[in-house]
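Undergrad: Here is a sequence with its predicted model. Questions after.
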Amino acid sequence: MQKINAKQALTKKGWEANVEISIKDGRIAGIQPSPLGSYASVGLALPAPTNLHSHSFQRAMSGLTEARGRDPSDSFWTWRRMMYAFLDQLTPDHVQAIAAQVFSEMLEAGYASVAEFHYLHHDTNGVPYANSAELCERIMAAATNVGIGLTMVPVLYQHGGLDKRPLVGGQRRFGNTPDDFAELYERAKRVVRSGPQDYNIGVAPHSLRAVDRTGLDLAIYLADGAPVHMHLAEQVAEVTEVQSALNARPVEWLMDHYNVDQNWCLIHCTQMTSFETTALARSGAVAGLCPITEANLGDGIFNAVQYLTNEGRVGFGSDSNVHISFFDELRALEYSQRLRDKSRAALAISDRSTGRVLFDVATSGGAQAAARNNGVLAQGALADIVALDLDNAWGANRSGDMALDTLVFGGNGHRCITDVWSAGRHVVQQGRHTAREKILCNYMAAMAELEQDL
Ligand SMILES: [Zn+2]
């Protein structure tokens with residue numbers, strides 16, 4: 001039985017001072033007042049969030065796509081071409097080494113688990129590996145070695161666009177027919193079930209551009225109640241393409257044709273009308289927001305004010321992994337609303353500050369999207385806990401909601417993180433992953449083999 005004595009904690013009941021959290025078999029066994037005279041082992045204990053959307057290999061491209069390339073109209077689509085060129089070089093060993101590095105960085109940023117939206121399936125020539133789930137296994141191996149919680153989300157990718165054009169170049173590594181995907185998914189399921197108890201699986205029809213009705217129906221059938229993740233309404237050009245092919249906007253079309261409910265997590269949704277925003281909010285689905293990546297790619301601004309007013313659920317993902325910081329994701333979303341509306345404290349409500357609202361929606365939405373029993377410090381929940389030291393210039397010894405506001409808006413929240421437990425695995429201690437050097441060494445060896453000039 002592990003015990004954490006915290007000076008303050010955000011538990012299911014709200015803010016509590018001097019509590020002892022006991023952990024047994026990966027779960028929170030109990031939360032009691034600290035015994036009299038006991039030594040506080042941590043400052044502030046919070047439920048550690050789930051990172052609900054990641055493409056781990058893209059971490060290795062951070063900083064490689066920020067110059068104006070040969071294309072004068074540099075855009076999301078230029079970035080996407082560069083991404084294909086980069087991934088064309090990756091071997092299974094590279095994929096695993098990069099995933100281990102990025103997962104360790106996520107843990108150090110306070111995330112206890114990740115939903116890996118995994119679409120890189122085949123060899124560089126587009127031919128499946130002897131084991132079609134080879135790269136799922138590599139992701140899984142990276143996660144277990146590093147100790148992060150995992151929701152494996154294998155991706156079905158059929159076509160290069162709504163006109164069903166074939167996949168070309170780097171895209172061929174993603175492609176599967178529905179039948180081949182069903183087999184891959186079954187293999188991935190077996191792999192995940194052989195792993196730690198807190199690991200689970202979801203399914204991802206990539207986007208309306210990449211899957212047709214048959215593929216979408218199959219993905220929902222395979223999910224069988226597990227989470228369904230899909231990119232949706234990220235770019236203006238995507239909306240135009242969907243409108244001309246399906247005669248409706250992406251969110252509108254999906255909600256007209258499918259029973260979008262709490263099992264769904266729709267990634268981005270930066271392009272929604274007011275009507276779509278309210279409809280999606282009321283569906284119970286999670287909107288998977290990735291504000292740092294969305295800003296980096298120039299996607300647009302999610303209408304969080306209207307969405308949360310209508311009790312919509314959101315969670316946060318690091319997506320391209322260009323920069324991994326949970327607190328910075330929250331701040332990026334809030335600042336996008338303020339800049340758009342020329343407002344302040346855009347997402348605060350009468351009894352909760354901005355930082356508190358963002359933290360609460362992020363932890364509960366992440367848990368829902370990953371179907372993971374976390375996001376709250378309560379008996380029986382997974383022991384996904386992040387501890388922070390506020391006794392410094394960045395934390396300024398703040399307490400309660402103001403502590404969260406300081407962590408989110410002060411810009412140094414990550415520097416205050418001391419410990420992270422993922423399902424009871426105490427993998428970050430004194431602010432560092434316990435195997436940081438070894439993981440980094442493998443990552444640097446992989447990077448030395450990769451062409452960086454895209
Ligand atoms: Zn994505």
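TA: Yep, that arrived. As the structure is a computational prediction, the values presented were derived from the model and not from experiment.
Undergrad: Quick one: residues contacting the residue nearest to Phe86 when sequence neighbours are not counted.
TA: The spatially closest residue to Phe86, leaving aside those adjacent along the chain, is Met61, at 5.2 Å (C-beta to C-beta, 6 or more residues apart in numbering). To be clear about C-beta, it is placed using only N, CA and C from the backbone, and glycine gets the same treatment. Residues in contact with Met61 (C-beta atoms under 8 Å, 6 or more residues apart in numbering) are Met82, Met83, Phe86, Ser320, Val322, Leu454.
Undergrad: Equivalent analysis for Leu150, please.
TA: Shown here is Leu150, whose contacts under the criterion C-beta under 8 Å, 6+ apart are Ser113, Val114, Ala115, Glu116, Ile139, Met140, Ala143, Thr144, Val192, Gly195, Tyr199, Asn200.
Undergrad: I'd like the list of those residues that fall within helices, please.
TA: Using DSSP state H, the subset of the contacts of Leu150 located in helices is Ile139, Met140, Ala143, Thr144, Val192.
Undergrad: Please put the alpha-carbon coordinates of the helix or strand bottoming out on mean pLDDT in the chain into PDB.
TA: Across the helices and strands of the chain, the lowest-confidence element by mean pLDDT, DSSP states H and E is helix 76-87, at a mean of 82. As requested, the backbone C-alpha atoms of helix 76-87 are provided in PDB (Å, rounded to 0.1, in the frame of the first residue of the first chain):
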ATOM      1  CA  PHE A  76      -2.000  22.800 -43.300                       C
ATOM      2  CA  TRP A  77      -1.700  20.800 -46.500                       C
ATOM      3  CA  THR A  78       2.000  21.700 -47.000                       C
ATOM      4  CA  TRP A  79       2.600  20.600 -43.400                       C
ATOM      5  CA  ARG A  80       0.700  17.400 -44.200                       C
ATOM      6  CA  ARG A  81       3.000  16.700 -47.200                       C
ATOM      7  CA  MET A  82       6.000  17.200 -45.000                       C
ATOM      8  CA  MET A  83       4.600  14.800 -42.400                       C
ATOM      9  CA  TYR A  84       4.200  12.100 -45.100                       C
ATOM     10  CA  ALA A  85       7.800  12.600 -46.200                       C
ATOM     11  CA  PHE A  86       9.000  12.300 -42.700                       C
ATOM     12  CA  LEU A  87       7.100   9.200 -41.800                       C
END
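Undergrad: related to what we said a few turns ago, and the gap between the residue nearest to Phe86 and His206?
TA: If you measure Met61 against His206 using C-beta to C-beta, to the nearest Å, the figure is 19 Å.
Undergrad: Can you identify each of the helices in the stretch 51-200 of the chain by residue range?
TA: 76-87, 92-108, 134-146, 178-193 (DSSP state H, counting those that start in this stretch).
Undergrad: For Leu218, state which of the contacts of Met61 is nearest.
TA: Relative to Leu218, the closest of those is Met83; by C-beta to C-beta it sits at 26.0 Å.
Undergrad: chain center to stretch 440-454, what's the gap?
TA: On the basis of C-alpha atoms, centre = their mean, to the nearest Å, stretch 440-454 is displaced by 24 Å from the centre of the chain it belongs to.
Undergrad: Just the endpoints, please. Distance across it?
TA: From its first residue to its last, stretch 440-454 covers 23 Å (C-alpha to C-alpha, to the nearest Å).
Undergrad: Flag every buried residue along it.
TA: Applying a neighbour-count criterion of 16 or more other C-beta atoms under 10 Å, one finds Leu440, Asn442, Tyr443, Ala446 buried in stretch 440-454.
Undergrad: Val305 against Ala348, yeah?
TA: No: counting by C-beta atoms under 8 Å, Val305 sits too far from Ala348 to count as a contact (10.7 Å).
Undergrad: Of the helices of the stretch 51-200 of the chain, give the one that comes closest to Leu156.
TA: With C-beta to C-beta as the measure, helix 178-193 is the member of the helices of the stretch 51-200 of the chain nearest Leu156 (4.6 Å).
Undergrad: by contact count, what packs against the closest one?
TA: Here helix 178-193 is seen to pack against helix 134-146, strand 149-156, strand 200-201, helix 213-223 when contacts are counted using 3 or more C-beta pairs under 8 Å, 6 or more residues apart in numbering; DSSP states H and E.
Undergrad: Relative to Trp15, which of those is closest?
TA: Nearest of these to Trp15, taken as C-beta to C-beta: strand 149-156 at 25.1 Å.
Undergrad: What strands line up against that closest one, and which way round?
TA: Using DSSP bridges, the strands paired with strand 149-156 are strand 113-118 (parallel), strand 200-201 (parallel), strand 204-205 (parallel).
Undergrad: ok now the second one, how far from the chain's centre?
TA: By that I understand strand 200-201. Between the mean C-alpha position of strand 200-201 and that of its chain there is a distance of 14 Å (C-alpha atoms, centre = their mean).
Undergrad: One more: the longest one?
TA: Taking C-alpha atoms, centre = their mean, the mean C-alpha location of strand 113-118 is offset from the chain mean by 6 Å.
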